[in-house]
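Student: Just need the structure, nothing else, for what follows:
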Amino acid sequence: MTTSTTEGKAVRVLTETGATGLAAIAEDPGGAVIALDFDGTLAPIVADPSAAWIHPAAPAALIRLAGQVARIAIITGRPPSTALALGDTPEGPDLIDVPGLLILGHYGLERWEGGETVAPPPPSGLELVRNELPALVATLADGVKIEDKGRAVAVHTRNCADPDAVLEELREPVARLAERAGLVVEPGRKVLELRGPGMDKGRALRALLAETAARSVMFVGDDLGDLAAFAAVADSSLPGVRVCSGSSEVAALTEVCDVVVDGPAGVVALLETLHKSITSRDQ
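Tutor: The predicted model follows:
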């Protein structure tokens, strides 16, 4: 429908729903919840997940919005501690400096707020995964990386010569291992994650909207795990905006989103545009 640019970074509003949702946030920011994924959304996707540093302008953009809206939240598959560590910037503010920030890690199982973390015990089946997964991936091509997230274990194929082929080869044996361990498999961008059942980003977002008494909502994501949060936005009775941090790797989100931006730089541009819209209405 409409396209705007901020320093050359495209923000494309695709639906009337998206335009209405953005307008609702700008008109009543005190009732708005802005929730975002981390990897691929606030931080670029990189070959080594431990080096996925936040976009340098993202913390400042979030800080400006935090003073205007009801809640800024990050809903991620990462542990909150990892998101905070990767939220440092060489210059300027860091992620931890965002006022009132809420981080729902491990898809909502782990809650960080005000320096305190609350979480249930990790799934017992992770020990089986830790014991057997290395031998399972050792038979495949070089470059497969295992990431232990504490409450989940992820297998990355991005560094393989043919990452998609290796990922497909892994799907069935990883699914069998997850079933034996009482876990579920969360697919993503060149990754399969084994984690505990019973929680996803959609459930986490629904609970957040209820506790905040939100009057509008925007969720920004880039990967298959974010589809549940998109569904939560669509199913709510609130004015809502589903924003896809676009990439060539995942097409499913672009088919159901209201706004597309060009990766983390585009996310920052959208946050800055929203801040300016709110500010202009207050003047």
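
Student: If Leu194 is in a bridge, with which residues?
Tutor: Val153, Val185 (DSSP bridges).

Student: is it true that it touches Ala152?
Tutor: Yes - when contacts are counted by Cβ atoms under 8 Å, Leu194 is listed as touching Ala152 (6.3 Å). For glycine as for every other residue, the C-beta is placed from the backbone atoms N, C-alpha and C.

Student: Need the residues touching each of these two.
Tutor: Common neighbours of Leu194 and Ala152, counting by Cβ atoms under 8 Å, 6 or more residues apart in numbering, are Leu126, Glu186.

Student: in the strand or helix carrying Gly18, what counts as buried?
Tutor: In the assignment (DSSP states H and E), Gly18 maps to helix 16-27. Residues Thr17, Gly18, Ala19, Gly21, Leu22, Ala24, Ile25, Ala26 are the ones in helix 16-27 that count as buried (16 or more other Cβ atoms under 10 Å).

Student: Check stretch 64-75 too.
Tutor: Buried residues in stretch 64-75 (16+ other Cβ under 10 Å): Arg64, Leu65, Ala66, Gln68, Val69, Ala70, Arg71, Ile72, Ala73, Ile74, Ile75.

Student: Identify, from these, the entry nearest to Arg12.
Tutor: Arg12 lies nearest to Leu65 out of these, by Cβ to Cβ, at 20.1 Å.

Student: Let me see the contact set for the closest one.
Tutor: Listed by Cβ under 8 Å, 6+ apart, the contact set of Leu65 reads Ile34, Ile72, Leu271, Leu274, His275, Ile278.

Student: Next, format the residues you listed as TSV and append pLDDT.
Tutor: As requested, the contacts of Leu65 are exported to TSV (pLDDT from 0 to 100):
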residue	pLDDT
Ile34	98
Ile72	98
Leu271	97
Leu274	96
His275	96
Ile278	96
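
Student: Give the PyMOL command for selecting the buried subset of those residues.
Tutor: Remark: buried members of the contacts of Leu65, expressed as a PyMOL selection using 16+ other Cβ under 10 Å:
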select buried, resi 34+72+271+274+275+278
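
Student: shouldn't Glu147 be in contact with His156?
Tutor: Yes - if you go by Cβ under 8 Å, Glu147 and His156 touch, sitting 6.2 Å apart.

Student: Kindly point out which residues are neighbours of both of these two.
Tutor: Jointly contacting Glu147 and His156 under the rule Cβ under 8 Å, 6+ apart are Pro49.

Student: Neighbour count for these two, which is higher?
Tutor: The residue with more neighbours, out of Glu147 and His156, is His156; 24 against 16, by other Cβ atoms under 10 Å.

Student: hmm, back to that, helices and strands around the helix holding Gly18, which ones?
Tutor: On a contact count with 3 or more Cβ pairs under 8 Å, 6 or more residues apart in numbering; DSSP states H and E, helix 16-27 meets strand 32-36, strand 216-221, strand 240-245, helix 263-282.

Student: Now the two most distant members of the contacts of Leu65.
Tutor: Ile72 and Ile278 (13.2 Å).
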